[in-house]
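**Q** Model the structure of this input:
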Amino acid sequence: MIPNGVHARRFSAIGLFDCAAESTAFDTLLTGAAPDRVDARRRRGLRATCASCFLILMLSVCCYASDVLLIRSTETASPEQRQLELATQFYGVNLKVITAGDRNYGSPLRAVRENTTLGVAIQADALASINQDKLLGALRGRSTPLLILGVTPETRSNLLSAWSSGAAVGAQPLESPLPLHYVVGRVAGITQQLTDLEIPFPGNNTVYFSLTGGGTAQEIISVRNDRKFVPVFIEADLHGQKVFLLSRTHLAGSNAVAAATDTIETAFAEIAPMMMFIKYAAGERGWHTLHHYANLTIDDPWLREPYGDLSYQSLLTEMEKHDFHTTIAFIPWNYDRSEAETVSLFRNHADRFSICVHGDNHDHKEFEDLASKPLNAQMTALQQSLARMEKFHALTGIPYDNVFVFPHSIGTESILEELKTYNFLATVNSSNVPMDRVRPPGTPLFALRPVTLSFADFPSISRYPATMQNPNGFLGINEFLDNPLFFYTHHDFFASGIDAFDGMADRVNKLEPDTQWRGLGDIVKHLYLVRLRDDFNYDVLTFSNSFDLDNTSEHSLTFNIQKQESGSPAIASVSVNGQDYPVELREGYLAIRVSVPARGIRSVVIQYKNDLVLASISTSKDSLRVDLLREVSDFRDITLSKYRLGRALTDYYYKGYDDKHGTTARLLILACGGIILVLFVVGGSWGLWATAKRKKAAAVTPDILRNAKIAGVAQQK
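**A** Just a heads-up that it's a prediction; the model follows:
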């Protein structure tokens, strides 16, 4: 059974230390309890927090231990230790802590030599107590990297020089009234997709290294102000041992972990050097993905050519040239409106086009807060969306991904529970936190993954606008962390040209050539993390109820799968390649062991019990309000988008969209303004046609007209 917590174990330290002083080892305990089996609609805030804690535990728990060893001088945890704890949690390895001065001779040396030890970190203020020769001897012949962390101006220069092979001779403070920036260098094996990246530094002060002019240190990360670049994270070679040195990135009085971590850029910047070191040290024994994935989703269009500024045929040409895939977030109300030629295009190019579910009627925020729209009404809409998509599939032969994109904004946690009950794979939106919930407190790693199971144990995934400015930091960090990239837009994104997304696709493919562009459903089915075990099989942490296990090796492997699962709703069945399969549900997780042959794939599907009978659900369009709304929306996208004034009217409509009381009025203004615009265009066109016709007649009978005019003038005289 997987334990409920992860302990930083107690070790003695004499044998590595020249002087021994009595002290006790530091114990770190991350506890977590299985969520209580409570009613699905009660105590959701507590459950979200428990789910987040559980996920962190699952990320760091090891059946087969993989450890990073931290040696420190006192029992007080430093800022660097907290950062190291977060990085080891993220990559699923244990952090063992040794306090300098423990007397049980030999234990630390054995810990360093253990096969489970992936890396060793030493606090800079503990260097004076460490016998360098003995430590290097314990590491000799291994590929275990060494990290010296928390270097400050008080660190003795002779020690710093000795541990950096003469490359660093001191450390200096840097304070700046202007914003600082991290600048990542190019060091093989460690900078990877972060190479040459520049991201905001979390603060306006730091400590940097003074390097010798002829030193061999490689600068991994520097900090830039308006005048200079200074190194804060370096690599040196010490008698054949790879040594990394990290200065204290925040001076006394600042708290690195307490800073805002709302975005992936700010969250990563807080612990960037630690994340780079742990990923390098852990390798395959840390959580990672087998491939990199990306997707572009276009919301709203139905299958007609063109749809506003979007031409499917032209987009296909761009996708083939620049190697990307497009998912259409399809409004189920449009299930019976598809044009035959566009249907054929999708069916013949399933590698480039796919479909997912986008609401039901898309009548504004149809999945909103429960006070505005009761849960039963939202469940009815959800059921109808599935029935309509099945009709769409029957009519067109085009499959659809059971991935739900909410219209305008994500719904409540209650509707996420229903998505899970009806066996959707995931929901993908601009926010992964339901509208009636907040981000779980005390989770600094939350922003580092686009997917969370914190709400209803259902995969909620963040996506990002294709129009984002300066995406280099966002792209580089996500690729470094093995995160899939989800972009989204609307048809008007292509008003400037059908090649509007080419540049973004090219950046992604250049940054990570292994990127596979797929439909949302395919990506969600590969949304899991793996790590190598001591027995050369793999642990798997999966997020979705349906996933495809890929064995990319040349021999059979066993995958030990863990999935966060509360037991609500009840599981109806679990199958592997269509065959029922035994599983265990215990203490908040589902455990499955699956063998996969060499170069093989096994599809695992978890089905939940529900009362859905699609044949009994009406797909009719019997609401005049919805019909009018959809027709006006088509008029807006397909007709008004052709004209500058029409686009201005559309912008006016969306600027006031969040004003619930003004939505109907703005819709009427949009419709009336559009009609006036069309009448003006039609009238103008008719006027031009009539004028041209008169001019043509004048060109044919010039003499008659001229003589008649002369005769008229003569009569007047």
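**Q** The residue lying closest to residue 185 once chain neighbours are set aside: what's it in contact with?
**A** Distances taken as Cβ to Cβ, 6 or more residues apart in numbering put residue 219 closest to residue 185, at 4.8 Å, once the chain neighbours are dropped. (Glycine included, C-beta is placed from N, CA and C.) Listed by Cβ atoms under 8 Å, 6 or more residues apart in numbering, the contact set of residue 219 reads 185, 187, 231, 233-234.
**Q** Highest neighbour count among those?
**A** In terms of neighbour count, residue 233 stands highest of the contacts of residue 219 at 29 neighbours, by other Cβ atoms under 10 Å.
**Q** backbone phi and psi for that residue, please?
**A** Backbone torsions for residue 233, taken as degrees, to the nearest 10, come to phi -140, psi 120.
**Q** Just the pLDDT at the closest residue to it other than its chain neighbours, thanks.
**A** Among residues not flanking residue 233 along the chain, residue 221 sits closest, at 4.0 Å (Cβ to Cβ, 6+ apart). pLDDT for residue 221: 97.
**Q** pretty sure residue 221 belongs to a helix, no?
**A** No. Going by DSSP: H, G, I helix; E, B strand; the rest coil, the assignment for residue 221 is strand, not a helix.
**Q** What about it, how many residues nearby?
**A** Residue 221: 24 surrounding residues under other Cβ under 10 Å.
**Q** Which stretches in the stretch 201-350 of the chain count as strands?
**A** Taking DSSP state E, counting those that start in this stretch, the strands of the stretch 201-350 of the chain run over residues 205-211, 218-224, 229-238, 241-247, 292-299, 326-330.
**Q** and the residue nearest to residue 233, bridged to which residues?
**A** Note on residue 221: beta-bridge partners residue 184, residue 233, judged by DSSP bridges.
**Q** Quickly note the distance from it to residue 67.
**A** Counting by Cβ to Cβ, to the nearest Å, the gap from residue 221 to residue 67 is 25 Å.
**Q** nearest spatial neighbour of the residue nearest the centre of the chain, skipping sequence neighbours?
**A** Taking Cα atoms, centre = their mean, the centroid of the chain lies closest to residue 450, which sits 2.8 Å from it. Excluding the flanking residues, the one nearest residue 450 by Cβ to Cβ, 6+ apart is residue 462, at 4.4 Å.
**Q** Enumerate every residue touching that neighbour.
**A** Contact analysis of residue 462 by Cβ under 8 Å, 6+ apart lists 428-432, 450-451, 486.
**Q** Adding distance to residue 417 as columns, could you present those residues in TSV?
**A** Below are the contacts of residue 462 laid out as TSV (distance: Cβ to Cβ, whole Å):
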residue	distance to residue 417
428	17
429	16
430	21
431	18
432	15
450	21
451	17
486	22
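**Q** Of those residues, just say which sits nearest to residue 479.
**A** Within the contacts of residue 462, the smallest distance to residue 479 is 12.4 Å, found for residue 450 (Cβ to Cβ).
**Q** Isn't the closest one up against residue 430?
**A** No. Residue 450 is not in contact with residue 430 according to Cβ atoms under 8 Å; the separation is 11.0 Å.
**Q** Identify the contacts common to these two.
**A** Counting by Cβ under 8 Å, 6+ apart, the common neighbours of residue 450 and residue 430 are 462-463.
**Q** one step back: now for the residue nearest to residue 233: which residues touch it?
**A** Residue 221 neighbours (Cβ under 8 Å, 6+ apart): 182-185, 231-233, 272-273, 276.
**Q** Quick check: the gap between it and residue 79.
**A** Residue 221 is 17 Å from residue 79, by Cβ to Cβ.
**Q** ok, now which ones touch residue 597?
**A** Going by Cβ under 8 Å, 6+ apart, residue 597 touches 551, 556.
**Q** Could you check how far it is from residue 555?
**A** From residue 597 to residue 555 the distance is 9 Å (Cβ to Cβ).
**Q** Also residue 403?
**A** Per Cβ to Cβ, residue 403 is found 33 Å from residue 555.
**Q** Neighbour count: these two, which is higher?
**A** Using other Cβ under 10 Å, the more surrounded residue of residue 403 and residue 555 is residue 403, with 29 against 9.
**Q** For that one, give the beta-bridge partners.
**A** Beta-bridge partners of residue 403, as defined by DSSP bridges: residue 426.
**Q** Kindly state the pLDDT recorded for it?
**A** Taking residue 403 on its own, its pLDDT is 98.
**Q** Now for it: which residues touch it?
**A** Per Cβ under 8 Å, 6+ apart, neighbours of residue 403: 356-357, 424-428, 520-521, 524.
**Q** Tabulate the residues you listed (JSON lines), appending neighbour count and distance to residue 241.
**A** Listed next are those as JSON lines, based on neighbours: other Cβ atoms under 10 Å; distance: Cβ to Cβ, whole Å:
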{"residue": "356", "neighbour count": "27", "distance to residue 241": "51"}
{"residue": "357", "neighbour count": "26", "distance to residue 241": "55"}
{"residue": "424", "neighbour count": "25", "distance to residue 241": "51"}
{"residue": "425", "neighbour count": "27", "distance to residue 241": "47"}
{"residue": "426", "neighbour count": "29", "distance to residue 241": "45"}
{"residue": "427", "neighbour count": "26", "distance to residue 241": "48"}
{"residue": "428", "neighbour count": "29", "distance to residue 241": "45"}
{"residue": "520", "neighbour count": "29", "distance to residue 241": "46"}
{"residue": "521", "neighbour count": "21", "distance to residue 241": "47"}
{"residue": "524", "neighbour count": "30", "distance to residue 241": "43"}
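**Q** Go through the residues you listed and say which is closest to residue 549.
**A** residue 524 (14.0 Å).
**Q** Now do the contacts for that closest one.
**A** If you count contacts by Cβ under 8 Å, 6+ apart, then residue 524 has 401, 403, 425-426, 459, 461, 543-544, 546 around it.
**Q** can you redo the contacts of residue 219 as a markdown table with distance to residue 176 and pLDDT?
**A** Formatted as a markdown table, those follow (distance: Cβ to Cβ, whole Å; pLDDT from 0 to 100):
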| residue | distance to residue 176 | pLDDT |
| --- | --- | --- |
| 185 | 20 | 96 |
| 187 | 25 | 95 |
| 231 | 16 | 96 |
| 233 | 18 | 97 |
| 234 | 20 | 97 |
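**Q** Going by distance to residue 177, which of those wins?
**A** residue 231 (21.5 Å).
**Q** For residue 308, see how far away that closest one is.
**A** Going from residue 231 to residue 308 by Cβ to Cβ gives 51 Å.
**Q** tell me the contacts of the closest residue to residue 155 other than its chain neighbours?
**A** Of all residues not flanking residue 155 in the chain, residue 124 sits nearest, at 4.8 Å (Cβ to Cβ, 6+ apart). By Cβ under 8 Å, 6+ apart, the contact list for residue 124 reads 148-152, 155, 160, 248.
**Q** Need these in TSV (columns: distance to residue 227 and secondary structure).
**A** Formatted as TSV, the contacts of residue 124 follow (distance: Cβ to Cβ, whole Å; DSSP: H, G, I helix; E, B strand; the rest coil):
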residue	distance to residue 227	secondary structure
148	27	strand
149	27	strand
150	26	strand
151	22	strand
152	22	coil
155	25	coil
160	24	helix
248	21	coil
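**Q** Could I have the buried ones of the residues you listed as ChimeraX selection syntax?
**A** Burial among the contacts of residue 124 is assessed by 16 or more other Cβ atoms under 10 Å; the matching ChimeraX selection reads:
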select :148,149,150,151,155,160,248
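**Q** Closest one of the contacts of residue 124 to residue 282?
**A** residue 149 (16.5 Å).
**Q** Now stretch 428-436 - C-alpha only, CSV.
**A** C-alpha atoms of stretch 428-436 as CSV (Å, rounded to 0.1, in the frame of the first residue of the first chain):
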residue,chain,number,x,y,z
VAL,A,428,-10.7,22.6,-21.1
ASN,A,429,-11.1,26.3,-20.5
SER,A,430,-9.3,29.6,-19.9
SER,A,431,-9.4,28.8,-16.2
ASN,A,432,-9.2,25.4,-14.5
VAL,A,433,-10.9,26.6,-11.3
PRO,A,434,-14.7,26.4,-11.2
MET,A,435,-16.6,29.7,-11.0
ASP,A,436,-17.8,29.0,-7.5
